[in-house]
Structures are given as C-alpha cells and as structure tokens.
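Chemist: what follows is a predicted structure for the sequence shown.
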Amino acid sequence: MPSSLSLKNRLIIFFLMLISTILVGSLGYVVIKIYVEHQSPTLTDAIFFSVATISTLGHYPRGIELSSPVGEWFTILYLILGMGTIFGGIQALVSPWIELRIRNAIKEHRIPIPQDAHVVICGWNDVARLIQEKLRMLDIPYVIVAPDAPAELPAVAGDPGSSEALTHANINRAVALLALMDDKKNAVTILAARRLNGELRIISLCEREENKELLLRSGADVVVSRDAILNSIMQHWVNGDFTHLFTSEILGGLEVREFSVDKDTAGKSLKELKFRERFGNALALYRRGNILVNPPAEEKLVEGDVVIFLEGE
Amino acid sequence: MLILGYNEVTKNFNSVIVDKNVPEGEHFVRGDPTDKNTLLRAGIMKEDTLIVALDNDDDAIFAVLLAKHLNPRIKIGAIVKKEESMEKMYRAGADYVLLESEILSSEILRFLLSPQVASFLDRIILTRELEITGFPVPEEYVGKRIRDTDIRRKIGTVIGVKRGGKLIKNPRGDFVLKKGDILLFLLERKEINKIREMMGRWISRRD
C-alpha cells in the first residue's frame, strides 16, 4: 500500500483486503470440506478456520482443521497469503504514524530560532552559505528562511515572502534581513519584512541593475548589484590600475576597518590618539554623511565620526 | 580585447562580444563561444586580453582551454559560479578568476558588519569618486623616512609603495623611500589633477 494515501483510505483498503482474504479462505475451506473430505461445515467453522489461519493461531479445535492432503496444501498456501495481508497491512497502517512520531521527536530537538538582535537570511544558496559560515564564526545570531532551509542550522522552512514564515523567524526583533534570492522574490520578501518591522536594516542582492531602484523602493536600505560589482572588478583588472593591486583588501575587506568616535575619543585629533600606532593608517573620515579623504592628523574628531583605516600588522 | 558571453556584466565593456544570441552589429560575433572556429573568426589570434563570463562554468572552462591553446600569449580574466570551478579555471590557463558567490557574500557581509567601510570601498570600485593613484617619489625625498617628509600632510596617507615588481602595502612611518619607488595614494578623483600638478612642481624644482 503506497504511503501517499491518507490514513482513512489506507484503513478502508486494509479492511477490504482482510475481508476478501477471509472470504477466499472460507470459500476454499467449504469447497474442500464438502467435495474432498465429504463433510458439511458450518459458516462459523469456515470463518473460524480462515481467521485462525491468517492470525497464525497455530492450533485448530477438533473438527475444524482440513486433514486431507489437498486440504493441508490449501492450509499452507492460505497461511502464507494471510500472513502477507496481516503483516503488510499492519505495517502500512502503522508506519506513517511511526514516521510522524520520529519527525516530531526530531523537531523537538531543532536548533532554536534566535529571539532578539539576529540576522534573518532569506534564501539558501552559495551566497547565503558563505554568509552563514562567516556569521557563525563571528558568533552573530542568525536564522535562515527558505523552503529548503537546512534542518541542522537555525532555520524556518518556508517561503520568505510570506508573513507567516518571517514572523516565525522573529522578524519583529531582528536587526537585519538579507534578501539573497532572485529579484522578484527579493522584492516580495522586502515588502513583507518592511511591513512587519520598520526599523529593520534590509540588505538585498540584485541580479539586474535595472531592478535596483525597485528594490530600494520596496524598502531595502542597501542594494548590492551583482552585475555592477562583477563588471567593475573585471574592469579594474582589464585596466591593470592601482586599484586592482588592492583588490584583495577591497574584496576581502578585512584590513579596511572602521572606528567609531565615542565620548572618550571625541575632541582629540588622530595624532593625539596615536591613531596610526594603535590602529593603522587613516584613509577617510565620515562626518554627518560627508566624507573627508586623507584627514589631516591634526583634525579634531567629533562624537559620531567614523574613521576608515587600513589596519596595520 | 575580446569578450565571451553577452550579458549585463559584459555589455558595457566596449569590445567585441562573442555569444550565441548577440544582436546584429560590428561589435558582435554570433556563434558558440566554445567552438574553435568562432574564436578564430572573432580574431582571438590578434587579441591580448580575453574576458570569459558565460552562464555555464563548464563552457567557460572549456573556452579558456581553447583560447589559451589557440593563443598562448593571451591574458584571460574569468567569472565562475561554482567554487570548484576556481581551481579548474586557473589550471585551464586563466590569469584572474572571480568567484561570484564569494564576491557577493563579502560585499553583503561588509554592508552588514561595517557599513561605512562598505560604502567607502564602493566609492573606489563602483562609483570611482575615489581612486588609487601612483606618483613617483620626488628626488628630494629619496633616502628619507615617510614620517620625516610632508607627504602625509600635503597629499595623504601612503597606502602602498610599488618598488620594482613588488608591492609593499600599508608601509609604516619609518619606511625609507628609494629612488624609483611609486607611492600609492587613495585620492578623490577631482583632486588628482591638482596633486599631479603639485608633484610636477616638485619634480621640476629638481631639474
């Protein structure tokens, strides 16, 4: 019996098979009793014989058993048929239930979904995998939302475009959402996520440059355009310019870091902070959205400034 | 330069593009990029650079093999999708291979973890408001340590020094400059000419 059938249908099929097996046995019993063994069996005897045989009772009360050679052969064959019906049927009936139990048992031990200040990764592909590895390394809580999300990681198996799946991923307490699917799916996901959490920082991947605007309008804060990036990097290589020499820094991005100026460091200059000795070479200074490239060493820092620097060894 | 693969990445390279479904025009060669005759027809023998950006990694690897076989001097840059294709690409003869997922994931991570750095680097690679530029070291600074010169104050941070074929990244303040060194700076594009003029004065003063 295929397990794709519903439990009700499986139950019906099982009973039909059981009844027909008993009917076949009873009929055979009656025919053999009357025409081979020349006795007159009752209907109760026939059914009793059938049930006793297929349930492998192993013992027949006096007068019930078939004692002629034909009768014995019939009993043997019928026993095999009956066992098939009983064991096959019961297994088909019970196994889906057991499967369900096992699945529930695993579900109970699933990795919990982070509650607060986590990153929601939408989509499961190479890009998502690399990001997930890095976040795990950095101990940043995350949850993956995808129809094919892996069970061994914190994940919600579902459509990232649906409010239900996003709610399940505790989107209302998350800090960021990464939309890493195709442009259409990303747009739908961003719209759904934005409605559920207005504060969320949404970073989206974009396959076609022309869709960038749409994704931004859907509510993404940052859109990373695949075409534009690959094109620029290739172009720097073709030009063989100096920027290309620094691609490992630019692509790896680990040596280029940022330093936020807080209360304690505000009012001091880079020189006074011994910035170069302590952190590295300052490349630029962000102040209220403006960028100052190659900031002078005497420049006094203001709270909220961000210094971009090339980390020293 | 020759390009295999007609798509958004390669469209605006302003070179001849080879693919099966290119539009009509002198900038296009219609044909299978993994076919020897197509490559010959596109003039692979006289080109010095090849860019391979095909949808299928196996096609791309084969095209690189073929191109390198036809023209061993050609420099090849390629984009691949699968991680395992990276090494195959280099073995096939590519000089520069980009793994799409790696680049995209690091860009997204940067926007997630250090957004200021991300937008800063985008000014270099994408919008090109900023540029890494090299100037030869002025004669008067040869033999001096970087920190004893006014280079930092007048131009900016030296992010690298090109010495012969070598690149020294992020030199320290006590780095001693030699004749022929090229100093690398990160500068705003609009300032480059001004600085070039200034460097010119330094150089001309020496004459």
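Modeler: Here it is on my side, so go on.
Chemist: where along the stretch 101-250 of chain A do the helices fall?
Modeler: A:126-137, A:163-168, A:183-196, A:212-218, A:226-239, A:242-245, A:247-252 (DSSP state H, counting those that start in this stretch).
Chemist: for the stretch 201-313 of chain A, give me the ranges with low pLDDT.
Modeler: The stretch 201-313 of chain A contains residues with pLDDT under 70 at A:247-254, A:312-313.
Chemist: any chance of the helices of the stretch 101-250 of chain A in TSV with mean neighbour count and distance to chain B as columns?
Modeler: C-beta here means a position set from N, CA and C on the backbone, and glycine is covered the same way. Formatted as TSV, the helices of the stretch 101-250 of chain A follow (neighbours: other CB atoms under 10 Å in any protein chain shown; distance: least, CB to the nearest CB, whole Å):
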stretch	mean neighbour count	distance to chain B
helix A:126-137	18	4
helix A:163-168	17	18
helix A:183-196	20	12
helix A:212-218	17	11
helix A:226-239	19	4
helix A:242-245	20	4
helix A:247-252	17	5
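Chemist: of these, which is nearest B:Glu107?
Modeler: Ranking the helices of the stretch 101-250 of chain A by distance to B:Glu107, with CB to CB as the measure, places helix A:226-239 first at 6.2 Å.
Chemist: could you say what helices and strands the closest one packs with?
Modeler: With contacts defined as 3 or more CB pairs under 8 Å, 6 or more residues apart in numbering or on different chains; DSSP states H and E, helix A:226-239 has these neighbours: helix A:242-245, helix A:247-252, strand B:49-52, strand B:75-80, strand B:96-99, helix B:100-113, helix B:115-125.
Chemist: apply 6 Å and report the result again.
Modeler: Helices and strands in packing contact with helix A:226-239 are listed as helix A:242-245, strand B:75-80; criterion 3 or more CB pairs under 6 Å, 6 or more residues apart in numbering or on different chains; DSSP states H and E.
Chemist: could you export the ones you listed as a markdown table, including distance to A:Ser26?
Modeler: Below are the helices and strands packed on helix A:226-239 laid out as a markdown table (distance: least, CB to CB, whole Å):
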| stretch | distance to A:Ser26 |
| --- | --- |
| helix A:242-245 | 88 |
| strand B:75-80 | 71 |
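Chemist: out of those, flag the one nearest B:Ser15.
Modeler: For B:Ser15, the closest of these is strand B:75-80, at 12.1 Å, according to CB to CB.
Chemist: mean confidence score for the next helix or strand after that closest one?
Modeler: Next helix or strand after strand B:75-80 toward the C-terminus (DSSP states H and E): helix B:83-92. Per-residue pLDDT values over helix B:83-92 give a mean of 93.
Chemist: and helix B:83-92 with helix A:126-137, angle?
Modeler: Using axes from the mean of the first three to the mean of the last three CA atoms, to 10 degrees, the inter-axis angle of helix B:83-92 relative to helix A:126-137 is 110 degrees.
Chemist: near chain A at all, helix B:83-92?
Modeler: No - with CB under 6 Å from any CB of the partner chain as the threshold, helix B:83-92 lies outside contact range of chain A, at a closest distance of 7.3 Å.
Chemist: which residues does A:Pro114 contact?
Modeler: A:Pro141, A:Val143 (CB atoms under 6 Å, 6 or more residues apart in numbering or on different chains).
Chemist: list phi and psi for it.
Modeler: Summarising the backbone geometry of A:Pro114 under the convention degrees, to the nearest 10, its torsions are phi -60, psi 150.
Chemist: any idea how far it is from A:Val307?
Modeler: Separation of A:Pro114 from A:Val307 (CB to CB, to the nearest Å) stands at 31 Å.
Chemist: for A:Arg288, give me its contacts.
Modeler: Contacts for A:Arg288 were tallied using CB under 6 Å, 6+ apart; there are none.
Chemist: next, it: phi, psi?
Modeler: For A:Arg288, the backbone dihedrals (degrees, to the nearest 10) come out as phi 50, psi 50.
Chemist: any idea how far the closest residue to B:Asp174 other than its chain neighbours is from chain A?
Modeler: Counting by CB to CB, 6 or more residues apart in numbering or on different chains, B:Asp174 lies nearest to B:Arg145, which is 5.1 Å off, once chain neighbours are set aside. Summarising the geometry, the distance separating B:Arg145 from chain A, computed by CB to the nearest CB, to the nearest Å, is 13 Å.
Chemist: need the three-state assignment for the closest residue to chain A within chain B.
Modeler: Nearest to chain A, among the residues of chain B, is B:Gly156, at 3.0 Å (CB to the nearest CB). Classification of B:Gly156 using DSSP: H, G, I helix; E, B strand; the rest coil returns coil.
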